[in-house]
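Trainee: need the 3D shape of this:
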Amino acid sequence: MNDHALNSGDSADLEALFDSIVHSNQDGEPTESAPAPVEVSLAIASPAHTLTAEEMNDPARAMFSHIGQLTRKLHDTLKELGLDKSLEKAATDIPDARDRLSYIATLTEQAADRTLNALDAAKPIQDKISDDAKALSGQWDKLLANQLSVDEFKALVEKTRSHLNETVNGSDQVSSKMLEIMMAQDFQDLTGQVIKKVLDMSKQMEAHLMDFLLLFSPQGTVRHDHPKADDDASLLNGPVINPEGRTDVVANQGQVDDLLESLGF
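Mentor: Model (predicted):
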């Protein structure tokens with residue numbers, strides 16, 4: 001394993017693959033003087049370098065070597081930018097996001113079941129109290145109209161007392177079910193926090209992917225043409241608060257969609 005592998009932290013298999021590609025390319029070329037490594041590095045940096053006579057005679061080997069060199073360059077660039085770690089984190093965050101959304105669905109379902117069960121238990125109690133009150137109201141109307149006998153009046157008084165007692169007990173039961181419904185809504189606090197984390201995770205993943213597309217697309221090369229002073233100033237400006245009239249920032253989902261379409265995605 002070479003020094004580059006030790007410094008970069010690449011896996012042994014990945015470094016061995018890159019080294020084998022470089023060695024296989026060097027074995028078929030004559031040994032040159034000291035400046036030769038510089039020429040090779042320049043050829044690697046330029047995807048459109050001129051093929052040698054040996055490469056023209058063996059196009060398959062030339063293509064394999066060229067792809068390997070481009071892969072190494074892309075891999076090193078990703079590591080320098082830190083995007084490989086960001087994409088790796090995004091890949092590991094996706095299953096975590098699925099688990100979080102599944103957790104939200106479970107809590108929501110449990111809360112819905114508790115709420116419906118409490119309503120199913122409270123509604124018959126409330127309906128009975130209402131029906132008994134309507135019946136007693138009709139009997140008292142007859143009493144006020146002198147349409148009830150003494151015995152009917154005594155029976156009405158007993159029914160009224162019984163209804164009042166049942167109303168107290170029924171109201172307590174309904175209050176208990178209402179408390180159950182209120183307690184079932186505590187899922188909102190937990191699911192709200194989880195949803196916020198999932199949204200933040202999605203925004204970070206989108207930002208990483210957009211940075212990747214901007215850096216490795218033809219349009220993205222424009223960002224390297226700005227003077228360094230402008231880059232430093234943009235870093236000091238912080239996040240863009242008012243993106244209206246700005247062409248160098250993506251402000252909303254519509255602009256993100258337009259950018260992806262312009263890149264062919």
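Trainee: buried sites along stretch 177-196?
Mentor: 177, 180-181, 184, 187, 191, 194 (16 or more other Cβ atoms under 10 Å). C-betas here are computed from N, CA, C, even on glycine.
Trainee: what pLDDT, on average, does the helix or strand in which K73 is found get?
Mentor: Using DSSP states H and E, K73 falls within helix 59-81. Rounded to a whole number, the mean pLDDT of helix 59-81 is 67.
Trainee: if we can go back for a sec, can I get the buried residues of stretch 177-196 in CSV including secondary structure?
Mentor: Shown next, in CSV, are the buried residues of stretch 177-196 (DSSP: H, G, I helix; E, B strand; the rest coil):
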residue, secondary structure
K177, helix
E180, helix
I181, helix
A184, helix
F187, helix
T191, helix
V194, helix
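Trainee: pick out the most distant pair among those.
Mentor: K177 and V194 (27.7 Å; Cβ to Cβ).
Trainee: which strands and helices sit next to the longest helix seen in the chain?
Mentor: Counting residues, the longest helix found in the chain (DSSP state H) is helix 83-144. Here helix 83-144 touches helix 59-81, helix 150-184, helix 187-215, going by 3 or more Cβ pairs under 8 Å, 6 or more residues apart in numbering; DSSP states H and E.
Trainee: mean pLDDT lowest where, among those helices?
Mentor: helix 59-81 (a mean of 67).
Trainee: distance to L107 added to the helices and strands packed on helix 83-144, as a markdown table?
Mentor: Output for the helices and strands packed on helix 83-144, formatted as a markdown table (distance: least, Cβ to Cβ, whole Å):
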| stretch | distance to L107 |
| --- | --- |
| helix 59-81 | 38 |
| helix 150-184 | 10 |
| helix 187-215 | 4 |
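Trainee: and the ones you listed: which comes nearest T115?
Mentor: helix 150-184 (4.9 Å).
Trainee: helices and strands around that closest one, which ones?
Mentor: Using 3+ Cβ pairs under 8 Å, 6+ apart, helix 150-184 sits against helix 83-144.
Trainee: and the helix it packs on with helix 150-184, angle?
Mentor: When axes from the mean of the first three to the mean of the last three Cα atoms, to 10 degrees is applied, the directions of helix 83-144 and helix 150-184 differ by 170 degrees.
Trainee: so helix 83-144 versus helix 187-215, what angle?
Mentor: 150 degrees.
Trainee: now stretch 105-114 - C-alpha only, CSV.
Mentor: C-alpha atoms of stretch 105-114 as CSV (Å, rounded to 0.1, in the frame of the first residue of the first chain):
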residue,chain,number,x,y,z
ALA,A,105,-47.2,6.1,11.8
THR,A,106,-47.4,3.7,14.8
LEU,A,107,-47.9,6.5,17.3
THR,A,108,-50.6,8.1,15.1
GLU,A,109,-52.4,4.9,14.7
GLN,A,110,-52.3,4.2,18.5
ALA,A,111,-53.6,7.7,19.2
ALA,A,112,-56.4,7.3,16.7
ASP,A,113,-57.4,4.0,18.2
ARG,A,114,-57.5,5.5,21.7
